[in-house]
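J.: What follows is a protein structure lacking sequence information:
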Ligand code: UT7
């Protein structure tokens, strides 16, 4: 078998809508308090898309920035993967809308659905195309308008989520640099713990499903919490192990931003001090597939990640799914 090429992240982009929703505003909307939200989740505010903005609009802005940072033209793209739980429409794929508006004339395009783990699943999938030589440049986007599928009267969920987008441009690299190893996992028996029940083939949308609120996110927060701590710790260790690294080699962890208590517990499981962990859940809430690329963007832009650092991206989400990716930053 021919040697696989290396693959690196050559450009990053992000977009957070301008409109801020604070905890103080939320406590006027539902039976909650600023204090409860901050102590139980670490979230202080989140961003909301404008009514006319759909997921592809957010994705496009993050994508353009990633292309620009990498110095790659849209016509050079071979493939676009958009990870999202809130596509503009069930079909056509949001990736095709982005492909058209970017002018990526020779790129294939598809959406990938893996809950909040979607960006890492998409990144790992995209990397295979570059490593085998089938593609040179692949654009990976995580983008969400979760505000559209949240029941704003359900305090168990509405305080947690936000809208946003992040993007990464993958390009060939020297072997041993860039993405080193990954770990993908799923347990469909836990699918009921976090789902959007109606609107698919099992329960097509109807007046009855809307009246029952089945077009909104339904979640058993306590069970997802327990699963998340173990999944993130185990997955990060597995990706490090596959990369031939130990936890002492880890310079920086970029975890899915769902809840500061989950992040802290996962870091503790890994024996990692919090100054090696990127946290921005306080400013954006849980943006699902956008959370890891936005956090990565901010860590790189802020100079916290430098060339040669060992970085692990790790996430969990609906499915249930969980995944991690070990990178030697190039
Ligand atoms: O990307 C993956 C998406 N999902 C997640 O990451 C969610 C993971 N889970 C969590 O982050 C946490 O479980 C939550 C933040 C959702 C909840 O925190 P918790 O510490 O697990 O609280 P709990 O579910 O055990 O609920 C404690 C109490 C309940 O009241 P009772 O039954 O004890 O009287 C809730 O009704 O807190 C109540 N509660 C609230 N109170 C004020 C739940 N939501 C709120 C709220 N404001 N927004």
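T.: Here it is on my side, so go on. Values in this document were obtained by computation on a predicted structure and should not be read as measured data.

J.: List the contacts of residue 227.
T.: 190, 193, 316, 320 (Cβ atoms under 8 Å, 6 or more residues apart in numbering). Every residue, glycine included, has its C-beta placed from N, CA and C.

J.: what about 6 Å?
T.: Residue 227 sits next to no residue when contact means Cβ atoms under 6 Å, 6 or more residues apart in numbering.

J.: How about the one helix or strand it maps to and the ligand, touching?
T.: Using DSSP states H and E, the element containing residue 227 is helix 221-242. Yes: contact of helix 221-242 with the ligand (Cβ under 6 Å from any ligand atom) involves 221, 222, 224, 225, 228.

J.: Disregarding residues adjacent in the polypeptide, which is nearest to the first one?
T.: Put plainly, it is residue 221. residue 156 (6.0 Å; Cβ to Cβ, 6 or more residues apart in numbering).

J.: How far does the helix or strand that neighbour falls within sit from its chain's centre?
T.: Using DSSP H and E, residue 156 falls within helix 155-158. Averaging C-alpha positions (Cα atoms, centre = their mean, to the nearest Å) puts helix 155-158 20 Å from its chain's average.

J.: Same question for stretch 228-246.
T.: 17 Å.

J.: okay, the residue in the stretch 151-300 of the chain positioned nearest to the ligand: pLDDT?
T.: Here the stretch 151-300 of the chain gets closest to the ligand at one residue, residue 221, 2.8 Å apart by Cβ to the nearest ligand atom. Looking at residue 221, its pLDDT stands at 96.

J.: for residue 7, same thing?
T.: The model reports residue 7 with a pLDDT of 97.

J.: before we move on, the earlier item: what's downstream of the helix holding residue 156, the next helix or strand?
T.: strand 164-173.

J.: If you count contacts, what does that next one end up packed against?
T.: Secondary-structure packing of strand 164-173 (3 or more Cβ pairs under 6 Å, 6 or more residues apart in numbering; DSSP states H and E): strand 6-15, helix 55-70, helix 118-131, strand 138-144, helix 291-301.

J.: Just say which of these is most tucked in.
T.: strand 138-144 (a mean of 33; mean count of other Cβ atoms under 10 Å).

J.: Can you pull the residues of the chain lying near the ligand?
T.: Counting by Cβ under 6 Å from any ligand atom, the chain sits next to the ligand at 32, 36-37, 40-41, 116, 155-156, 159, 194, 219, 221-222, 224-225, 228, 258-259, 286, 317.

J.: average model confidence for the very next helix or strand once past the helix holding residue 227?
T.: Downstream of helix 221-242, the first helix or strand assigned by DSSP H and E is strand 252-255. The pLDDT scores in strand 252-255 average 98.

J.: Would you mind listing the buried residues in the next helix-or-strand element following strand 252-255?
T.: Counting by DSSP H and E, the next helix or strand C-terminal to strand 252-255 is helix 260-269. Buried residues in helix 260-269, counted by 16 or more other Cβ atoms under 10 Å: 260, 261, 262, 263, 264, 265, 266, 267, 269.

J.: just these: which has the poorest pLDDT?
T.: Scoring these by pLDDT puts residue 269 last, at 91.

J.: got a list of what that residue touches?
T.: Counting by Cβ under 6 Å, 6+ apart, residue 269 has contacts residue 233.

J.: so which of the residues of helix 221-242 next to the ligand would you say is closest to residue 22?
T.: When the residues of helix 221-242 next to the ligand are ranked by distance to residue 22 (Cβ to Cβ), residue 221 comes first, at 21.1 Å.
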